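1. next input, structure requested:
(chains A, B, C, D, E and F)
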4 protein chains.
Amino acid sequence: MIPADTPRPAPTAHHRGRRPESRADAGDKRQAILRAAIRTFARHGFFSAQVADIARAAGVAAGTVYLYFENKDDLLVSIFDRTMAEAIEEGRQALESVTDPITRLDEIARLHLARMGRDRDLAVVCQVELRQSVKFMERFSSTRLREYLGIIRDAIASGQQRGVFRDGLKPTVAAKLFFGMLDEMATNWVLSPRRYPLEAESALVVDLFVNGLASRPVVATQSADARKTTKAATRKHDDGGRARP
Amino acid sequence: MIPADTPRPAPTAHHRGRRPESRADAGDKRQAILRAAIRTFARHGFFSAQVADIARAAGVAAGTVYLYFENKDDLLVSIFDRTMAEAIEEGRQALESVTDPITRLDEIARLHLARMGRDRDLAVVCQVELRQSVKFMERFSSTRLREYLGIIRDAIASGQQRGVFRDGLKPTVAAKLFFGMLDEMATNWVLSPRRYPLEAESALVVDLFVNGLASRPVVATQSADARKTTKAATRKHDDGGRARP
Amino acid sequence: MIPADTPRPAPTAHHRGRRPESRADAGDKRQAILRAAIRTFARHGFFSAQVADIARAAGVAAGTVYLYFENKDDLLVSIFDRTMAEAIEEGRQALESVTDPITRLDEIARLHLARMGRDRDLAVVCQVELRQSVKFMERFSSTRLREYLGIIRDAIASGQQRGVFRDGLKPTVAAKLFFGMLDEMATNWVLSPRRYPLEAESALVVDLFVNGLASRPVVATQSADARKTTKAATRKHDDGGRARP
Amino acid sequence: MIPADTPRPAPTAHHRGRRPESRADAGDKRQAILRAAIRTFARHGFFSAQVADIARAAGVAAGTVYLYFENKDDLLVSIFDRTMAEAIEEGRQALESVTDPITRLDEIARLHLARMGRDRDLAVVCQVELRQSVKFMERFSSTRLREYLGIIRDAIASGQQRGVFRDGLKPTVAAKLFFGMLDEMATNWVLSPRRYPLEAESALVVDLFVNGLASRPVVATQSADARKTTKAATRKHDDGGRARP
DNA sequence: AATGAATGAGCCTTCATTCAT
DNA sequence: TATGAATGAAGGCTCATTCAT
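-> A predicted model of the protein is given here:
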């Protein structure tokens, strides 16, 4: 259960970093358990999912789970952590070679939605199961998520410095709003019975985020990249024929 | 328990609307329980919260809760239902006298954030506790939430017809993105230790949603209302000095 | 719940005999509740049956049940009591005009099975639901049931005195065995999905009880009545053609 | 609860035979729980008995009960099943070497009553607690009990073929009546405060069942065995001096 | 006498976690 | 390292009974 307010026992030395690694497959086992946890959480929900189920799905005994993870919560946290770490790493790498602010946002959005769209179980866990209680979410928000938002914020801030984005909005706030859009798209995809390509939605998000909904001419400063993006989005959604004088 | 996969017994006639009302305070009792549930869910989380706690907080016996609600789940669902019903009702009324599309969005955003900002416990429940499992969320999304999104969508669609909003984005998608922004702002507020006025954020959201982040002249079609909004938002966030040529 | 060991509160004066009788239909109401209890116990089982259900079936409010009966147990006890009282009364009356021992047994058996066969719900309650716990059964056995068995015992004892029955068996024991046979027939009928006439089985029981299963000539002392009985039983069961040398 | 009408979840593979057996005492544990259940049900009644009490009496934790049994009902069912299985097995073995029909019945009766008389707690459970509700009893009657009755029926049928028993009664019906007698004796013993040897009653039952109550000469076909039985019964009950002309 | 809303004690069952092997 | 049987705390829910009206 989520220790909404009950203090948890301090993690043993064992859990604080060192893990069974004597054999080459030790890491594999941890991975297997984590994969099984994602699948099980996604299908049954965090609370309904039983540790024993996860263990079975991972092909290990129930007790073994506790050799690699502190407790059930830790499984959820670890899923989040690993996913965010990958997202941050991937995001940083992808942005290294990109300087254009809009293209940066585009890249972020694309990677974000691609990650979710690629693994539905993971998406379910991230979009739904991860949000179990305030205490839980506070724990997430204050670490990795902040870092992830920092990447978005930096992209926005640099865009503002380059004059591509207007200064009127705080980058932090704008970053949250951008994230909010992506998050909503992902959640919608997860809850929808339809199986459309989530990644394709990224262009829409960037388009709206950058250009807004107001009817007006496309601004001259829009980069070639972004324009392409916008067009792609336009095409994909059959919203063609937009007259942009 | 969240009915992640187990079907719940059909609600008895008793629970489907009719409730004990012979005593004058019967309606009050239901209200009291619902209020207590909101408070308790917010403070302990849905799963950690005990029905007995809720009952105690409401000043009734544990069994009494079950005279007014089917089960623990039903409490959560009822909170959502009532909140959404109010939101929809309030939204519709507020939009009746407003025709300007941007002002409409502004109104929606303002009411949305005001509702959450006004009642932190309710906000916690709506932003966090309500999202317990896929099955739960699917239940929500497919009814009231769709209706709520419909209001936003209509506002956007009418804006497109009036030429205030561009046609390039499907109203449904745009509505989700707008909602995603509001939702993110509310979630942030809930998780933040700071106690800033949430309602004030609405202008920001509308500004970004309408104008986008791109640096460019304010469009001529922007209504006076929206311009005022933008300014207000600007001021409130001390982002002043934005040079908009 | 059956107070298997918990002492029950002493019955209030109200329940100790006096009952609401101011109106002519007061007795009716008690009857109605008892009838409803029989039906409800029979269909749901004693424990699963709810007092509220019984009240509803009787067309009264839940609280009203407690104006006529001490508690749920008392309903069961009252059903037993009334049934036994009727059985005893009916049995005594029927035996008044009969002197032949076998005919007496025949009469007892016929009435016994007829009573059950006539009212399936009552039969279910008597054959199954009444046997809830040792304490409960001890309560029954030591009163009315003993009286009922006494009637059988007397019939047997008088038969022994008349030389119709042999002396080798204690009348008390023989009475129990006779009762055991009847009881088993009734239980079988209750549990059987088939709906055959239970009363018709009485002849069989008496035949076996009196004549035994051993193959041998019918004894000369057998009364005309009993012989008729035996024949009837024989016929009904298509066991015809019995050669009794 | 007695599944008066609610269907129970299908037993998991775990419960369907396989049980924890890695430790040497695994089988013992199941036995211990079953013994504790018999004792607890006998003393408190099925409904009043708490699973926690049974666990405590068995020297295990409450949860452990559920490693070996599906639920509380399953405990009762398992008691019945094991008892009946033993009875059937024991009965079959005992009859293997016996051919005389009366001796067979005698053997059946003796074993039946000995089984109950040997273990008062078990007797209480079998004679009283097992008969909780129609659905419960239907479940019992349709399986093991039918098998048990089959043994009696066969003994009777073979007796009829050998000419020892008359043909006039269907073996099925006669078997029930025989069982009804035994059952009544057992129930009486259970409910009686006196502690007389139940097994000794078997001769009485067989005597009455075979010879009937009618006053008449002992039939020539009666076997030596049965005659001995009859005499024994006679002696044991101090009913001696029966003149059988 | 009748009502039925309110009570609150009571219990079966689940399942995360441990630990002897 | 791995196992999985055992643990036992915890809580949702029921329902007989009461009592103010």
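2. and for the residue of chain A found nearest chain C, the neighbour number?
-> Closest to chain C within chain A is residue A:48: 28.0 Å, counting by Cβ to the nearest Cβ. (Each C-beta comes from the backbone N, C-alpha and C, glycine too.) Counted with other Cβ atoms under 10 Å in any protein chain shown, the neighbours of residue A:48 add up to 19.
3. hmm, it is touching residue B:133, no?
-> Yes: using Cβ atoms under 8 Å, residue A:48 is in contact with residue B:133, at 7.2 Å.
4. so what's residue A:92 closest to, chain neighbours aside?
-> Of all residues not flanking residue A:92 in the chain, residue A:151 sits nearest, at 6.8 Å (Cβ to Cβ, 6 or more residues apart in numbering or on different chains).
5. quick check, that neighbour in contact with residue A:89.
-> No: between residue A:151 and residue A:89 there is no contact under Cβ under 8 Å: 10.5 Å.
6. show me which of those two is the more surrounded one.
-> When residue A:151 and residue A:89 are compared on other Cβ under 10 Å, the one with more neighbours turns out to be residue A:151, at 18 against 10.
7. just the element for that one, please.
-> Applying DSSP states H and E as the criterion places residue A:151 in helix A:146-161.
8. helix or strand right after that helix?
-> That would be, after helix A:146-161 and using DSSP H and E, helix A:171-191.
9. ok and that next one relative to helix A:146-161, angle-wise?
-> Angle between the axes of helix A:171-191 and helix A:146-161 is 120 degrees (criterion: axes from the mean of the first three to the mean of the last three Cα atoms, to 10 degrees).
10. for DNA strand F, what is the nearest residue in chain A?
-> residue A:63 (1.8 Å; Cβ to the nearest atom of the strand).
11. run a quick neighbour tally on that residue.
-> 10.
12. what do you get for residue A:86?
-> 12.
13. three-state assignment of the spatially closest residue to it that is not a sequence neighbour?
-> Counting by Cβ to Cβ, 6+ apart, residue A:86 lies nearest to residue A:115, which is 7.6 Å off, once chain neighbours are set aside. Recorded secondary structure, residue A:115: helix (DSSP: H, G, I helix; E, B strand; the rest coil).
14. pretty sure residue A:115 sits against residue A:85.
-> No: using Cβ under 8 Å, residue A:115 is not in contact with residue A:85, being 12.0 Å away.
15. the more surrounded of those two?
-> Between residue A:115 and residue A:85, counting by other Cβ under 10 Å, residue A:115 is the more crowded of the two (20 against 13).
16. centre-most residue in chain A?
-> residue A:112 (5.5 Å; Cα atoms, centre = their mean).
17. checking that one next. Helix, strand or coil?
-> Under three-state DSSP, residue A:112 comes out as helix.
18. which residue, other than its chain neighbours, is closest to it?
-> Nearest one to residue A:112, counting by Cβ to Cβ, 6+ apart, is residue A:182 at 5.0 Å.
19. show me the contacts for the one you found.
-> A:109, A:112-113, A:202, A:205, B:180 (Cβ atoms under 8 Å, 6 or more residues apart in numbering or on different chains).
20. right, and the pair among those with maximum separation?
-> Greatest spacing in the contacts of residue A:182, by Cβ to Cβ: A:202 and B:180 (13.4 Å).
21. what about these two, which has more around it?
-> Ranked by neighbour count (other Cβ under 10 Å), residue A:202 and residue B:180 place residue A:202 first, with 26 against 23.
22. what about that one, distance to residue A:109?
-> For residue A:202, the distance to residue A:109 equals 4 Å [Cβ to Cβ, to the nearest Å].
23. contacts only, for residue A:184.
-> Per Cβ under 8 Å, 6+ apart, neighbours of residue A:184: B:176-177, B:179-181, B:183-184.
24. thanks a lot, catch you later.
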